[in-house]
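Asker: what's the 3D shape of this:
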Amino acid sequence: MRPILQIVSLLALLALTLPSIIFLAGRMELDMVKWLMLLATIVWFVAATPWMWRDNSAEN
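Answerer: Next up is the predicted model:
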């Protein structure tokens, strides 16, 4: 489960950067950029929280 969450969180981070680059290139409207970045932020928090806050001492 952890590798899947890591991949999803990395894809969400990519989705956070791409809209701003596309906007700067003049290919996307600002309102669409705001919605995509909001959605990517929510996905990142949901996907990254379980694997980043896991207690590593339990594995030892």
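Asker: Which stretches in this protein count as helices?
Answerer: Taking DSSP state H, the helices of the chain run over residues 2-24, 30-52.
Asker: want to throw those into TSV with mean pLDDT and mean neighbour count?
Answerer: (Each C-beta comes from the backbone N, C-alpha and C, glycine too.) As requested, the helices of the chain are exported to TSV (pLDDT from 0 to 100; neighbours: other CB atoms under 10 Å):
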stretch	mean pLDDT	mean neighbour count
helix 2-24	95	14
helix 30-52	95	14
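Asker: At the geometric centre of the protein, which residue do we find?
Answerer: With distances taken as CA atoms, centre = their mean, Ala12 lies nearest the centre of the chain, 2.3 Å away.
Asker: Skipping adjacent residues, who's closest to that residue in space?
Answerer: Trp44 (3.8 Å; CB to CB, 6 or more residues apart in numbering).
Asker: How about the contacts made by the one you found?
Answerer: 9, 12-13, 16 (CB atoms under 8 Å, 6 or more residues apart in numbering).
Asker: Gly26 - how many residues pack around it?
Answerer: The number of residues packed near Gly26 is 7, by other CB atoms under 10 Å.
Asker: Give me the distance between it and Ser20.
Answerer: 12 Å (CB to CB, to the nearest Å).
Asker: ok, now Trp51?
Answerer: 25 Å.
Asker: ok, back up a step: contacts only, for the residue nearest to the centre of the chain.
Answerer: Applying CB under 8 Å, 6+ apart, the residues near Ala12 are 40-41, 43-44, 47-48.
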